[in-house]
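1. how does the following fold in three dimensions:
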Amino acid sequence: MMTEDPAFAAYLDAREAVERIKGSGAPSGVARPSAYWLEELEQIDYLADASPLIVRKLRHHAFHITGIRPYDYREKGDGRRQRFEGRLQALRALDHAGLMVPESPALGGFGYEIDGHLFNVDTLKFYEVLIAMQRGGVLDAMRGIDRPLVCEIGAGWGGFAYQFKTLFPRATYVIVDFAELFLFSATYLKTVFPDATLRFVGEDFDLTSGAWRDADFLFVPNTLAHLVSSLPLDLTLNMVSFQEMTEAQVRTYVGMAADARCPLLYSLNRERSSYNSQLTSVSEVLSDRYELAEVTVLDTDYPTGLKKPPKPGKTAERPDLAYRHQVGRLSTGPVRSLDSAAEFASARHASRVVLGMTLYNNAEHLRGALDSLLAQTWRDFTLVLLDDASSDDTERIAREYAGRDARVLYFRHAERKAMIATWREVVVLAGEASPSAVYFAWVSDHDRWHPRWLEAMVGELDRDPGVVLAYPITRRIAPDTGIELDKGPRLFETMALHDVRSRWSYFCRHAVGSGDMVYGLMRLDALRRAGIFRTVLRPDRLLIAELTLAGRIRQVPEVLWFRRQSAATSVSRQRHTLVLPQEAPRWFAAPPWLQHALVLWREYVTPDPRPIPLPTSQWARMVVLYQVRYGWRHLRKSETSHVVGRGIDNTIWAKKITRHYYHHAIYRTLVGTRAAWGKLRRLARRGVYHVLVLTHRVRHRRGSEETPIR
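-> Alright, predicted model coming up:
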């Protein structure tokens, strides 16, 4: 009767398979369990003869693997649930692809019940991993494959396999792990996917024969992991177990994936566990065979984000012990370190796209910015880094990336040159490094980009030669935490306007977000004709205005750029940051709209022949329109306008306060008068009453005195 329970029947099948394959291969060398795992495996030896009751609560017994218990999810009033829900909401805000898969209640699934579903630490960890894979371009690659073949090294109880198979039901999922742990994962996966086909690989199982193709799940003991290299893997992944292995073990598994020509590798690990002295760095081993890019999800890793904030003065966690989302792409050859711009230009002369990043004292966010750029699905680009004499750790980080990826080239100023000169120079250096480039984009040293950002921008420019600039919808993120802010997008494009005069009129009246557009992908020849970055205040707006004259602007309707919110710039501040004080031109004292008007007249009306052949009267109307519209907008943002606005607001406020107190005074007067009149009336009635009582008593006494005594 007991075996009629489907879960227990799945357990019996898994136990039989484990007994059959457990002796396959000799557990020696890199396949031998570490002391840590020998101890853990001893803790679960009772599962070799589990009762139906244990199987029905199998998720509770996974504590030996995960370290989490149902007890942890009871309401204790300690703030844990609030922190948990806060992190869940933060992840949901980053999920634009519907990747959430809650904990299944099968086999004793547990967690906080939120919106009718169960969530625990593992659920959030797997959700964060899926978001990282989405941002790193991994899931998009899987969606392009009819039946992806995915290999997870160390799947534990099978939780992530359940989530991945739910999202990709046609995938074949390979699990490489200790055979004993298949008692958890195989039982669980067969229970939640009762129609799935499970195959267990032993010494007699020939993977080269294609017998695995009908399987939904393929279980390979770690002692036979080398056989997996014969499979056409599409993705290999590992979560939180590389950090526990020896360097030789990690290298063996990475070699297994590379030998299988697996194009993508994903890792969520620390560089090493604090007690692991047999491993120096996970990423160093991975980078031997894969080109790595770190993907940022939240600014705190999944265990830290659920803990109470540290007490003031407490030592912070070491950076090498933080969990990192890394996406690796199979290296096609050794990474070369280039020593000169000439050598780089020779090596990368065929790049169509070149990116320019100016650096200045932003080492804190530089790695995240570089990792998100190097993780782009469009990989044929050159990235030029120009350091404006930073004094922090920027140079060391930039040189590290330049030595690791042949697409990256690093230059440094001996002394600071300020923003305009640096932005102009990085375009010149980019053109020299990649002479055949046709597209250029400035990229910042502190923002993040979706992996499809460059691919989408190139696609727009390739599709329509009349488009000179393509940029995405921008999402603001908090400067410190990186959490997305609830701030609406700024929308502007001129795709429907093919006539230069109609485009100009529309730009003058409706253009918003020049600071976003300036980071879009541009046609390099149009950028050069527009003067690159002219020496004026608000040079980004003038550049977008000139590009509007050259062609149409396209805004891709996708959130592909995550811009770190910074303090708003002001004209007075730009006078000191755009150029060095001794190099500021005299016209910097003039308002920006006047500077722009003078430049437009000089560059487009004065030359003979004119770059855009329009009559002088038409140019005059266009320049005046620009002056009036931008002048009014500039005035509304100026300190003078703010002072006037505050004066008007204060006057209105004073009027409201005066009216309030006037009405209040009248009210109090009326109420007070009525109260006084009522009190007076009460006193009068009381006085009359006392007079009457006294009169009555006097009369009564006189009457009693006049009555004779008989």
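
2. stretch 683-693 - what's its average pLDDT?
-> Confidence over stretch 683-693, taken as the mean pLDDT, stands at 91.

3. buried residues in it, which are they?
-> By neighbour count with 16 or more other Cβ atoms under 10 Å, stretch 683-693 contains no buried residues. Any C-beta I mention is one placed from the backbone N, CA and C, and that applies to glycine too.

4. now do stretch 382-393
-> Residues Thr382, Leu383, Val384, Leu385, Leu386, Asp387, Asp388, Ala389, Ser390 are the ones in stretch 382-393 that count as buried (16+ other Cβ under 10 Å).

5. list the contacts for Gln326?
-> With contact taken as Cβ atoms under 8 Å, 6 or more residues apart in numbering, Gln326 is in contact with Tyr266, Ser267, Leu268, Asn269, Ser283, Leu286, Leu292, Ala293, Glu294, Val295.

6. check the secondary structure at it for me.
-> Of the three states, Gln326 takes strand under DSSP: H, G, I helix; E, B strand; the rest coil.

7. also the one 3 residues further on?
-> Using three-state DSSP, the structure places Arg329 in strand.

8. and what of Leu279?
-> When classified by three-state DSSP, Leu279 comes out as coil.

9. what about the closest residue to it other than its chain neighbours, neighbour count?
-> Spatial nearest neighbour of Leu279, excluding adjacent residues (Cβ to Cβ, 6 or more residues apart in numbering): Arg272 at 4.4 Å. Neighbours of Arg272 under the rule other Cβ atoms under 10 Å: 21.

10. which SS class is Arg272?
-> Strictly by three-state DSSP, Arg272 counts as coil.

11. for it, which residues are in contact?
-> Listed by Cβ under 8 Å, 6+ apart, the contact partners of Arg272 are Gln243, Leu279, Thr280, Ser281, Val282, Asp320.

12. now with 7 Å?
-> Counting by Cβ atoms under 7 Å, 6 or more residues apart in numbering, Arg272 makes contact with Gln243, Leu279, Thr280, Ser281, Val282.

13. same deal with Glu294?
-> Under the criterion of Cβ under 7 Å, 6+ apart, the contact list for Glu294 reads Arg324, His325, Gln326, Arg367, Asp371.

14. okay, now the unreliable bits of the stretch 551-700 of the chain?
-> Residues of the stretch 551-700 of the chain meeting the criterion pLDDT under 70: 567-576, 636-642.

15. quick check: which element contains the residue nearest to Cys508 when sequence neighbours are not counted?
-> Closest residue to Cys508 apart from its sequence neighbours, by Cβ to Cβ, 6+ apart: Arg629 at 4.3 Å. Using DSSP states H and E, Arg629 sits within helix 616-637.

16. tell me which residues in that helix are buried?
-> Trp619, Met622, Val623, Leu625, Tyr626, Gln627, Arg629, Tyr630, Gly631, His634.

17. what's the longest strand along the chain packed up against?
-> If each strand of the chain is counted by residues according to DSSP state E, the longest one is strand 552-564. Packing partners of strand 552-564 (3 or more Cβ pairs under 7 Å, 6 or more residues apart in numbering; DSSP states H and E): strand 448-449, helix 453-463, strand 467-477.

18. got the contact list for the shortest one?
-> Read it as strand 448-449. Thr296, Gly368, Ala369, Ser372, Leu373, Leu560, Trp561, Phe562.

19. max pairwise distance over the residues you listed: which two?
-> Largest separation among the contacts of strand 448-449 by Cβ to Cβ: Gly368 and Leu560, giving 15.7 Å.

20. where does the residue nearest to the spatial centre of the chain sit: helix, strand or coil?
-> Central residue of the chain (Cα atoms, centre = their mean): Val297, 4.6 Å from the mean position. Secondary structure state of Val297, per three-state DSSP, is coil.

21. so how far is Arg80 from it?
-> Going from Val297 to Arg80 by Cβ to Cβ, to the nearest Å gives 21 Å.

22. hang on, the earlier thing: check contacts around the residue nearest to the centre of the chain.
-> Applying Cβ under 7 Å, 6+ apart to Val297 gives the contacts Leu94, Glu128, Ile131, Ala132, His325.

23. what is the neighbour count of Arg564?
-> 20.

24. how about it: what's its closest non-neighbour residue?
-> His446 (4.9 Å).

25. relative to Met457, how far out is the one you found?
-> 20 Å.

26. who's more crowded, those two?
-> For His446 and Met457, the more surrounded residue by other Cβ under 10 Å is Met457, and the numbers stand at 26 against 17.

27. wait, what's in contact with the more buried one?
-> Ala470, Gly520, Leu521, Val556 are the contacts of Met457 under Cβ under 7 Å, 6+ apart.

28. repeat the analysis, applying 8 Å as the threshold.
-> Contact analysis of Met457 by Cβ under 8 Å, 6+ apart lists Tyr439, Ala441, Ala470, Tyr471, Pro472, Gly520, Leu521, Val556.

29. Tyr410 is in contact with Ile397, isn't it?
-> No: assessed by Cβ atoms under 8 Å, Tyr410 is found out of contact with Ile397, at 9.8 Å.

30. domains for this structure, by residue range?
-> 2-307+320-330, 337-446 (automatic domain parsing).

31. where exactly do the helices run in the stretch 301-450 of the chain?
-> For the stretch 301-450 of the chain, applying DSSP state H, counting those that start in this stretch gives helices covering 341-347, 363-374, 394-404, 419-433.

32. in the protein, where is pLDDT below threshold?
-> 1-3, 23-37, 302, 304-321, 332-350, 567-576, 636-642, 707-710.

33. would you list every one of the helices in the stretch 101-250 of the chain?
-> Going by DSSP H, counting those that start in this stretch, the stretch 101-250 of the chain shows helices at 121-135, 138-143, 159-167, 182-192, 247-259.

34. okay, these, which one's buried deepest?
-> helix 182-192 (a mean of 25; mean count of other Cβ atoms under 10 Å).
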